[in-house]
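Peer 1: Predicted structure and sequence below. I'll ask about it afterward.
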Amino acid sequence: MAQARTDFSKVAAPKKLEEVYAQRGELFPYILAVMVLLTVVSVFHVWSRVRVIDLNLEIAEASRLLKESQEEQNRLRLEVASLKTPARIEAVAKGELGMALPTDQQVVVVK
């Protein structure tokens, strides 16, 4: 039994509740600051990811418009080339405008 008393004398006395509450009160501002900081970082992370997704959508749309514009440009170049052919110009001049090649009497030589 004497042995038991010596063992109990080495056990730390329990802290009083007032001391525990006082320690919590001292840590509260630090915990609150950490929570606010984590919240701000989380919101920033979510905002940045949403922004990246929006920008990717805008890039995809711009790429699609660029491809469509290039296709339209190629189509218009082909149309211009076909409209500039001498055979077509001669056909339009004779058929729609009623023009004909000049005769030798209609040609005036300028010196």
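Peer 2: Cool, the structure landed. Numbers count the residues shown, from 1 in each chain.
Peer 1: Please enumerate the helices of the protein.
Peer 2: 2-9, 17-83, 86-95 (DSSP state H).
Peer 1: where are the low-confidence patches of the chain?
Peer 2: 1-15, 17, 20-23 (pLDDT under 70).
Peer 1: try it again with 50
Peer 2: Along the chain, segments meeting pLDDT under 50 span 1.
Peer 1: Nearest the geometric middle of it, what residue?
Peer 2: By Cα atoms, centre = their mean, the chain has its centre lying nearest to Leu55, at 1.1 Å.
Peer 1: Rebuild the helices of the chain as TSV, extending it with distance to Val109.
Peer 2: From N, CA and C alone the C-beta is placed, and that goes for glycine too. Shown next, in TSV, are the helices of the chain (distance: least, Cβ to Cβ, whole Å):
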stretch	distance to Val109
helix 2-9	136
helix 17-83	32
helix 86-95	23
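Peer 1: Ala87 is in contact with Lys94, correct?
Peer 2: No. Between Lys94 and Ala87 no contact is recorded; they are 10.9 Å apart, counting by Cβ atoms under 8 Å.
Peer 1: Compare these two and say which is more crowded by neighbours.
Peer 2: Using other Cβ atoms under 10 Å as the criterion, Lys94 and Ala87 rank with Lys94 on top: 12 against 7.
Peer 1: Return the residues in contact with that one.
Peer 2: By Cβ atoms under 8 Å, 6 or more residues apart in numbering, Lys94 lies in contact with Ala100.
Peer 1: any idea how far it lies from Val80?
Peer 2: In this view, Lys94 and Val80 are 22 Å apart by Cβ to Cβ, to the nearest Å.
Peer 1: do Leu65 as well
Peer 2: Distance from Leu65 to Val80, by Cβ to Cβ: 22 Å.
Peer 1: for Arg64, same thing?
Peer 2: Using Cβ to Cβ, one gets 25 Å for the distance from Arg64 to Val80.
Peer 1: and if you look at Val52?
Peer 2: Counting by Cβ to Cβ, the separation of Val52 from Val80 is 42 Å.
Peer 1: Burial check on Ala93, number of neighbours?
Peer 2: 13.
Peer 1: Could you do Glu90 as well?
Peer 2: By other Cβ under 10 Å, the residues close to Glu90 number 12.
Peer 1: With that, I have no additional questions.
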